[in-house]
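Enquirer: predicted coordinates and the sequence they were generated for:
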Amino acid sequence: MAIIPITVYGDKILRQKTKKINQIDDEIIVKIKDMFETMHNAHGIGLAANQVGFNESIFVVDLSQVEGYEKIKPVVMINPEIIEESPEKVVMEEGCLSLPLLKAEVERSQIIKVKFIDTDENEQTLEADELFARVILHEYDHLQGKMIPDRVTPDVKKKLQAELKKIMNREIKIDYPITQK
């Protein structure tokens with residue numbers, strides 16, 4: 001397994017919609033293992049493929065280190081599709097490995113249902129709530145080319161501009177590798 005530099009705000013691949021995967025082969029499995037390794041190294045709880053430079057519709061989630069979520073097994077979602085979102089919304093502070101050190105309040109659905117393919121090429125449907133739902137929605141956004149700044153009000157986005165510029169220019173100090181400018 002390998003730790004891959006994480007793409008950060010300003011990297012073009014983060015704004016592209018990822019491509020569906022037609023076949024889960026050894027190359028995809030290696031990428032998934034590398035994604036988990038990279039996410040754990042950066043102390044993250046979710047990571048989308050385009051955050052490590054892969055233009056494929058995959059993300060990984062591991063909440064097992066989060067208090068209250070220890071029993072949720074790590075999950076790989078290939079070609080995910082959000083099929084239901086509850087009308088109940090919750091606002092919570094979010095961070096992102098591609099937006100190091102930046103935090104912002106984001107409104108998301110409290111409960112979701114997601115359809116995806118697992119690594120055995122089986123179609124799965126999963127219902128998630130609270131933090132688990134939030135992480136899935138956050139990673140799903142990445143696959144659609146969206147990020148936290150797209151989910152906040154124009155006023156908040158304006159306040160984030162200085163931090164976003166620092167991230168884009170790599171003027172940040174973090175303890176995991178990121179892509180070069």
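Expert: Yes, it's here.
Enquirer: please make it C-alpha for all contacts and neighbour counts, starting now.
Expert: Noted.
Enquirer: may I have the phi/psi pair for A104?
Expert: Here is the backbone geometry of A104 (degrees, to the nearest 10): phi -150, psi 150.
Enquirer: mind listing the residues bridging to it?
Expert: Here A104 sits in beta bridges with E94, going by DSSP bridges.
Enquirer: correct me, but it touches E94?
Expert: Yes - here A104 reaches E94: they are 5.5 Å apart, a contact under CA atoms under 8 Å.
Enquirer: anything in contact with each of those two?
Expert: Residues touching both A104 and E94 (CA atoms under 8 Å, 6 or more residues apart in numbering) are I148.
Enquirer: and for stretch 165-175, what are the contacting residues?
Expert: V8, Y9, G10, D11, A42, L99, P100, Q180, K181.
Enquirer: what's the spacing between the residue positioned nearest the centre of the chain and H40?
Expert: Nearest to the mean C-alpha position of the chain, by CA atoms, centre = their mean, lies E139 at 3.0 Å. Noted for E139: a distance of 15 Å to H40, by CA to CA, to the nearest Å.
Enquirer: and if you look at K17?
Expert: K17 is 24 Å from H40, by CA to CA.
Enquirer: need the longest strand for the protein.
Expert: When the chain is parsed with DSSP state E, its longest strand is strand 75-85.
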